[in-house]
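A.B. asks: Just to be clear, the model below is a prediction. Sequence and coordinates:
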Amino acid sequence: MSGRKPLQLIGKTFGRLTVIDQAENKNGFTYWKCRCSCGNSVVVKGVNLKFGTTKSCGCLNRDVVIQRNKDNADGKYRNSRLYRIYYGMRTRCYNKDDVGYKAYGSRGITICDEWLNDFLVFQDWALKNGYQDNLSIDRINNDGNYEPSNCRWVDGKTQSNNRRSNRIIEYNGEERTVAEWSALTGIGRNIIYSRLREGWSVKDAITIPVGKYHGGVQHSHLD
């Protein structure tokens, strides 16, 4: 390879690599010194850059493997209650179409990066900090984010006391506030509260239409 044309590679980006200088020629090929987006420097054969054979200093393949392993791990635990709690956090904080977004994401409630980017990190924290299948995640400061310093595992009574106006109940493996269940089912929030106080099961409280009978008694409280 000869001439000035190869010099046009300087400043161009190929994948994660940006060409910063020309290196020595070897065996008739031009090599280029590149800086990877991860910060490492590497010398790459020009043809490998042009044809996309080399796209990073090696970190790309490593990151792909890490992500694949993470995805496989997420899949392994996807049906667990802890994963459903994790998925619920992400949904109500970041999915604008979720009914819970108004009470979380739109208020600026977020999830710390270490949890958001890796379920296994969240799982490790949960298991080391008192998680049990009868407990729910609770933010100590209701205006704070989901992060280790602001979260704990509590029973329903503690959580209800902490969020008297924003009580969370679980049904079919899904945790939502009473207001969210009300929006989803069309059953008034006060009706749901009243039913729960009367001893109705969570399932009946949020699924039996107003005016229908429960235990032989017609329930028709107004919201």
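C.D. replies: Nice, thanks for sending it over.

A.B. asks: drop to CA atoms for contacts and neighbour counts, all remaining ones
C.D. replies: Will do.

A.B. asks: quick one, domains of this structure?
C.D. replies: 14-57, 81-185 (automatic domain parsing).

A.B. asks: First residue to last residue on the shortest one, what's the distance there?
C.D. replies: Counting by C-alpha to C-alpha, to the nearest Å, the length from the leading to the trailing residue of domain 14-57 is 11 Å.

A.B. asks: Now do the same for that domain: mean pLDDT, whole number.
C.D. replies: The predicted model gives domain 14-57 an average pLDDT of 92.

A.B. asks: just how off-centre is that domain within its chain?
C.D. replies: 35 Å (C-alpha atoms, centre = their mean, to the nearest Å).

A.B. asks: swap in the last one?
C.D. replies: For domain 81-185, the distance from its own C-alpha centre to the chain's C-alpha centre is 11 Å (C-alpha atoms, centre = their mean).

A.B. asks: Does anything pack onto the helix or strand harbouring Trp32? Which helices or strands?
C.D. replies: Element membership of Trp32 [criterion: DSSP states H and E] is strand 29-36. In this structure, strand 29-36 packs against strand 17-26, strand 41-45, helix 46-50, with contacts taken as 3 or more C-alpha pairs under 8 Å, 6 or more residues apart in numbering; DSSP states H and E.

A.B. asks: got the contact list for the second one?
C.D. replies: What that stands for is strand 41-45. Ala23, Phe29, Thr30, Tyr31, Trp32, Lys33, Cys34, Arg35, Cys36, Thr54, Cys57 (C-alpha atoms under 8 Å, 6 or more residues apart in numbering).

A.B. asks: Considering these, which is situated nearest to Cys112?
C.D. replies: Cys36 (26.9 Å; C-alpha to C-alpha).

A.B. asks: State the number of residues packed around that closest one.
C.D. replies: Per other C-alpha atoms under 10 Å, the neighbour tally for Cys36 reads 22.

A.B. asks: okay but Gly173 is in contact with Arg81, surely?
C.D. replies: Yes: using C-alpha atoms under 8 Å, Gly173 is in contact with Arg81, at 6.5 Å.

A.B. asks: re the thing from before, now tabulate the domains of the chain in JSON lines and tack on distance to Ile191.
C.D. replies: Output for the domains of the chain, formatted as JSON lines (distance: least, C-alpha to C-alpha, whole Å):
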{"stretch": "domain 14-57", "distance to Ile191": "55"}
{"stretch": "domain 81-185", "distance to Ile191": "9"}
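
A.B. asks: tell me, which of the ones you listed is the model least confident about?
C.D. replies: Looking at the domains of the chain, the bottom one is domain 81-185 with a mean of 86.
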